[in-house]
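Chemist: Give me coordinates for this.
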Amino acid sequence: MLIANAIEYRHPYRAAEVQISHRRVDGYDVIDVRDNGIGIEPRYRDQIFEVFRRLHPRDEHPGTGMGLAIARKMVERLGGRLTVLSSPGVGSTFSIHLPHPSFRGFP
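Modeler: Numbering: from 1, shown residues only. Model (predicted):
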């Protein structure tokens with residue numbers, strides 16, 4: 001979903017670039033999906049995770065408005081969180097924070 005969105009919401013005047021990276025922070029595995037797309041206005045950062053919340057008309061960007069809400073719910077069910085940092089016109093970084101297996105009782 002995050003990669004598909006990075007491609008769908010690419011900047012109209014440059015090729016889409018998507019970077020995926022991993023880091024470990026305070027007992028969490030953090031997966032970052034960074035793009036150089038259109039970005040998200042700060043006032044919409046929480047709303048994009050609401051079911052059926054669309055920021056663009058359907059004829060501009062098709063979809064149901066459920067993808068990010070489902071992604072966040074899936075991450076939360078695993079004991080993690082999904083966050084976003086974004087700058088309009090520059091791009092977005094979605095970060096998936098999942099508890100590292102050793103902190104969940106796994107070897």
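
Chemist: Quick check, central residue of this structure?
Modeler: F94 (3.5 Å; Cα atoms, centre = their mean).

Chemist: Quick check: that one touching V33?
Modeler: Yes: between F94 and V33 there is a contact at 4.8 Å, judged by Cβ atoms under 8 Å. No exception for glycine: its C-beta is placed from N, CA and C like everyone else's.

Chemist: Quick check: neighbours shared by these two?
Modeler: Residues touching both F94 and V33 (Cβ atoms under 8 Å, 6 or more residues apart in numbering) are L2.

Chemist: In contact with the residue nearest to the centre of the chain, which residues?
Modeler: Taking Cβ under 8 Å, 6+ apart, we find F94 in contact with L2, D32, V33, L82, T83, V84.

Chemist: Next, format these as TSV and append distance to R72.
Modeler: Listed next are the contacts of F94 as TSV, based on distance: Cβ to Cβ, whole Å:
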residue	distance to R72
L2	11
D32	15
V33	13
L82	4
T83	9
V84	10
